[in-house]
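**Q** coordinates only, sequence not included:
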Ligand code: AMP
């Protein structure tokens, strides 16, 4: 198979290939879902994929389980291979994608560059103290949807609006794993932002306002800065 030409984001004219960053609790998963719907791109959430594999008790799920439970990163070789598989699907190639939860460290960033890199990197900025407060009220569904008891409650108490299943609190949303995940974010993930800043594809959005306000900012920034260069 022919190797993909290295990406020059300024000249790219294919479907959008996006990545979203933000500390745990910043609302990046919710924004990623909204972006995926709005632009018709595949939402590739590594955390959701791992949780789904764990609930189906697959070999991958069994390998990943203890890392998720303690808030540690799943080994890069496992994660990179899994993401590579998703980004090579026909849907992701044709429609584009938004990666949520990947890359999380330098080795993953390099693997993503080998797969062609991204055209847009979005950072949802939120102070840690607010992030920890928000995680306290978070509810999730096995289908990947996420809610918050105050900011984004489901229509029926503890029931998913999308699929009707019962919502749950993630094990790694308990205080000790949350602290560990935030530490890992600052130590290993946040430094990757400077790579995307240098490429000129980083959009920083204030994550403090309501979900709909944050989403409007994301859309307006995407349109203004890169919309003309991709099929957005
Ligand atoms: P998230 O839903 O993005 O907060 O991810 C939940 C958990 O899944 C993380 O704490 C890790 O254990 C695992 N995970 C998700 N994405 C990655 C990744 N890119 N690299 C390694 N582990 C990951």
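**A** Looks like it arrived, so ask away. Keep in mind that what you see is a predicted model, and the values were worked out from it rather than measured.
**Q** What residues does this protein have near the ligand?
**A** Residues of the chain lying close to the ligand by Cβ under 6 Å from any ligand atom are 24, 46-47, 50, 67-68, 71-74, 79, 101-102, 104, 108, 172, 181. C-beta: built from backbone N, CA, C; applies to glycine.
**Q** Please give the element, helix or strand, for residue 203.
**A** Assigned by DSSP states H and E, residue 203 belongs to strand 202-206.
**Q** do the same with residue 177
**A** helix 175-184.
**Q** List the buried residues of that helix.
**A** For helix 175-184, a neighbour-count test (16 or more other Cβ atoms under 10 Å) marks 177, 178, 181, 182, 184 as buried.
**Q** Show the average pLDDT along that helix.
**A** Mean pLDDT, computed over helix 175-184, is 90.
**Q** one step back: please compute how far the next helix or strand after the strand holding residue 203 lies from its chain's middle.
**A** Using DSSP H and E, the helix or strand that follows strand 202-206 in sequence is helix 211-226. Computed by Cα atoms, centre = their mean, to the nearest Å, the chain-centroid distance of helix 211-226 equals 16 Å.
**Q** angle of helix 211-226 against strand 202-206?
**A** Going by axes from the mean of the first three to the mean of the last three Cα atoms, to 10 degrees, helix 211-226 is angled at 150 degrees with respect to strand 202-206.
**Q** what helices or strands is helix 211-226 leaning on?
**A** helix 28-39, strand 120-125, strand 202-206 (3 or more Cβ pairs under 8 Å, 6 or more residues apart in numbering; DSSP states H and E).
**Q** residues contacting the residue in the chain positioned nearest to the ligand?
**A** Closest to the ligand within the chain is residue 47: 2.0 Å, counting by Cβ to the nearest ligand atom. With contact taken as Cβ atoms under 8 Å, 6 or more residues apart in numbering, residue 47 is in contact with 29, 68, 100, 101.
**Q** what do you get if the cut-off is 6 Å, keeping everything else the same?
**A** Residues counted as contacts of residue 47 (Cβ atoms under 6 Å, 6 or more residues apart in numbering) are residue 101.
**Q** what's around residue 85, how many residues?
**A** 11 (other Cβ atoms under 10 Å).
**Q** Same check on the one 5 residues further on?
**A** Burial of residue 90, expressed as a neighbour count using other Cβ under 10 Å, amounts to 7.
**Q** May I have the phi/psi pair for it?
**A** phi -60, psi -40 (degrees, to the nearest 10).
**Q** same check, this time on residue 138
**A** Residue torsions, per degrees, to the nearest 10, at residue 138 are phi -80, psi 140.
**Q** Count the residues that sit near it.
**A** 21.
**Q** Can you pull up the most central residue in this structure?
**A** The centre of the chain sits closest to residue 100, judged by Cα atoms, centre = their mean, with a distance of 1.3 Å.
**Q** tell me the contacts of it?
**A** Residue 100 makes contact with 20, 29, 32, 45 under the criterion Cβ under 6 Å, 6+ apart.
**Q** Can you check the pLDDT for the spatially closest residue to residue 46 that is not a sequence neighbour?
**A** The shortest distance from residue 46 to any non-neighbouring residue, by Cβ to Cβ, 6 or more residues apart in numbering, is to residue 101 (4.1 Å). Residue 101 is assigned a pLDDT of 97 by the prediction.
**Q** do residue 137 as well
**A** The model's pLDDT for residue 137 equals 89.
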